[in-house]
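Novice: Prediction below, plus the sequence it came from.
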Amino acid sequence: MKILLAVDGSDIGMAAVRYVVALSKSLKDAPKLTLLYVDLPLFKQAAAALGSEGVARYHAENGDYALKKARTALKRARLSFEECIEVGEIAETIVKQAQSGKADLIVMGSHGRGALKSLFIGSVAQKVVGTSPIPVVIAR
């Protein structure tokens with residue numbers, strides 16, 4: 001089973017990691033995991049001020065920070081995984097990455113660090129569920 005695990009460094013994102021760890025224990029074979037973080041592009045003026053190397057460093061640092069807790073939890077659970085940091089519109093990029101990686105399942109949190117805490121599913125999660133041809137598990 002191939003699982004795309006989309007995280008953003010939030011506590012809700014870690015709920016998705018915990019779900020994948022628990023799911024992996026119930027599977028006969030360990031899943032092939034891709035740990036994904038999607039960073040929004042910078043505004044043109046900010047990107048111009050930073051230059052291409054600065055922009056690349058900015059996105060790499062954001063990705064490293066967002067993946068840190070998830071990376072630690074997956075290593076602790078002895079699950080192997082690939083890491084992927086992408087830049088783009090978040091929901092669209094998650095779905096495209098899942099499709100290109102031929103994922104069997106997308107797992108993500110119900111809302112990210114930028115969303116207001118509520119009982120409702122976040123807008124990114126709604127877009128992924130609404131556009132993905134691949135099954136999606138939303139963890140809370």
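Specialist: Thanks, I have the structure now.
Novice: where do the strands sit along this structure?
Specialist: Assigned strands in the chain, in chain order: 2-6, 32-39, 81-87, 105-109, 136-139 (criterion: DSSP state E).
Novice: Can you check which of those strands gets nearest to V124?
Specialist: Evaluated over the strands of the chain, closeness to V124 peaks at strand 105-109, with 7.8 Å, by Cβ to Cβ. Backbone N, C-alpha and C define where each C-beta goes, glycine included.
Novice: counting contacts, what elements does that closest one pack onto?
Specialist: Contacts defined by 3 or more Cβ pairs under 8 Å, 6 or more residues apart in numbering; DSSP states H and E place strand 105-109 against strand 2-6, helix 11-26, helix 90-100, helix 123-131, strand 136-139.
Novice: got a list of what A66 touches?
Specialist: Going by Cβ atoms under 8 Å, 6 or more residues apart in numbering, A66 touches 7-9, 13, 37, 39.
Novice: now the strands of the chain as JSON lines including mean neighbour count and distance to Q97?
Specialist: Converted to JSON lines, the strands of the chain look like this (neighbours: other Cβ atoms under 10 Å; distance: least, Cβ to Cβ, whole Å):
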{"stretch": "strand 2-6", "mean neighbour count": "25", "distance to Q97": "6"}
{"stretch": "strand 32-39", "mean neighbour count": "22", "distance to Q97": "6"}
{"stretch": "strand 81-87", "mean neighbour count": "16", "distance to Q97": "6"}
{"stretch": "strand 105-109", "mean neighbour count": "24", "distance to Q97": "9"}
{"stretch": "strand 136-139", "mean neighbour count": "18", "distance to Q97": "13"}
